[in-house]
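Undergrad: Provided below are the primary sequence and the corresponding predicted coordinates.
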Amino acid sequence: MPETLPPSILLLDDDADVGLAAQLLLQRRVAPISCLRRPAELPAALDRLKPALLLLDLNFGPGRTDGAQGLRLLEEVQARPHAPVVVVMTAYADIDLAVQALRRGAFDFVTKPWDNVRLIATCREALERAHASAAGGDRPANAVGAATAANATNGANEPSRSLAAQERAAVLAAMAEAQGNLSAAARQLGLSRAALYRRLDKHGL
């Protein structure tokens, strides 16, 4: 049965160096990983490999920064039966784009160049989400919900890394609610704009 297969990762990024770096980092520390460079190859690869996690770049081709192609691919993947968990990747740390991806079903996002520890942690959490879905667990579909559930179930025993993840999720949730408006998000969180900027920088947002 598909659930018994070892979890795997599929990465779609048109930069071969990004694919190599991800393979070197994640192959030994997280799960087997396959890499694609052309969006047109994605549907067949999903059918063939049945990855638990898709790392999806949001921009393809020189000069593209709006993320439109990646967001469209995200929607197409989300519409598939037994869709993998998706973590989006972009070299442009644009909070509006990240919020759009989360709203369309992405589990989380990472910016390039990534922090190795954070990428490993994000992939492991995403694979846990995929495992819970395969087992029929009723888990939240994105990082904001996942952090909330973790906080509710693990309580005071949460490790410090997870506490940081919860703070990051709260900031993302506020930004999503405020539709990317920093002033409104800061008010919702009870922070000054300067304090919100510091937290965005702290969490790589």
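TA: Alright, I've got the coordinates.
Undergrad: all helices for the chain, in order.
TA: The residue ranges that make up the helices of the chain, judged by DSSP state H, are 16-29, 42-49, 68-78, 95-103, 116-134, 143-154, 160-177, 182-189, 193-202.
Undergrad: where does Arg64 land on pLDDT?
TA: Per-residue confidence for Arg64 comes out at a pLDDT of 75.
Undergrad: Next, count neighbours for it.
TA: For Arg64, the number of neighbouring residues by other C-beta atoms under 10 Å comes to 15. C-beta coordinates here come from the backbone N, C-alpha and C atoms, glycine included.
Undergrad: who's in contact with it?
TA: For Arg64, the contact set (C-beta atoms under 8 Å, 6 or more residues apart in numbering) is empty.
Undergrad: Let me have the helices of the chain in TSV, adding distance to Val88 and mean neighbour count as columns.
TA: Written out in TSV, the entries for the helices of the chain read as follows (distance: least, C-beta to C-beta, whole Å; neighbours: other C-beta atoms under 10 Å):
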stretch	distance to Val88	mean neighbour count
helix 16-29	13	15
helix 42-49	13	14
helix 68-78	6	17
helix 95-103	4	20
helix 116-134	11	19
helix 143-154	11	17
helix 160-177	13	18
helix 182-189	20	17
helix 193-202	17	14
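Undergrad: Nearest to Pro7, out of those helices?
TA: For the helices of the chain, distance to Pro7 was read as C-beta to C-beta. The smallest value, 5.0 Å, belongs to helix 116-134.
Undergrad: Next, the angle helix 16-29 makes with the closest one.
TA: Using axes from the mean of the first three to the mean of the last three C-alpha atoms, to 10 degrees, one finds that helix 116-134 and helix 16-29 are set 70 degrees apart in direction.
Undergrad: What is the burial count for the closest residue in space to Lys112 that isn't next to it in sequence?
TA: In space, not counting the residues next to it along the chain, Lys112 is nearest to Ala91; the distance is 4.4 Å by C-beta to C-beta, 6 or more residues apart in numbering. Neighbour count of Ala91, defined by other C-beta under 10 Å: 16.
Undergrad: Cross-check the contact I'm expecting between Glu182 and Ala195.
TA: One thing to correct before we go on: residue 182 is Leu, not Glu. No. The pair Leu182 / Ala195 is not scored as a contact, 11.0 Å apart, by C-beta atoms under 8 Å.
Undergrad: Quick one: residues contacting the residue nearest to Lys112.
TA: Counting by C-beta under 8 Å, 6+ apart, Ala91 makes contact with Asn59, Thr111, Lys112, Pro113.
Undergrad: would you list those residues in TSV and tack on pLDDT and neighbour count?
TA: As requested, the contacts of Ala91 are exported to TSV (pLDDT from 0 to 100; neighbours: other C-beta atoms under 10 Å):
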residue	pLDDT	neighbour count
Asn59	88	21
Thr111	82	17
Lys112	85	16
Pro113	86	10
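Undergrad: Show me which of those residues is closest to Pro51.
TA: Using C-beta to C-beta, Lys112 comes nearest to Pro51 of these, at 19.7 Å.
Undergrad: Show me this structure divided up by domain.
TA: In the assignment given by automatic domain parsing, the structural domains of the chain cover 1-139, 141-205.
Undergrad: Only C-alpha atoms, please: export stretch 48-66 in CSV.
TA: In CSV, the C-alpha atoms belonging to stretch 48-66 read as follows (Å, rounded to 0.1, in the frame of the first residue of the first chain):
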residue,chain,number,x,y,z
ARG,A,48,5.3,8.2,-10.8
LEU,A,49,7.0,9.1,-7.6
LYS,A,50,4.0,9.8,-5.3
PRO,A,51,6.1,12.1,-3.0
ALA,A,52,4.9,12.9,0.5
LEU,A,53,6.3,16.4,0.2
LEU,A,54,6.7,18.8,-2.7
LEU,A,55,9.2,21.6,-2.5
LEU,A,56,7.9,24.1,-5.0
ASP,A,57,9.7,27.1,-6.4
LEU,A,58,7.4,30.1,-7.1
ASN,A,59,9.3,31.7,-10.0
PHE,A,60,10.6,30.0,-13.2
GLY,A,61,12.6,31.7,-15.9
PRO,A,62,14.9,34.8,-15.8
GLY,A,63,13.4,38.0,-14.4
ARG,A,64,10.2,36.3,-12.9
THR,A,65,9.5,37.6,-9.4
ASP,A,66,5.6,37.7,-9.2
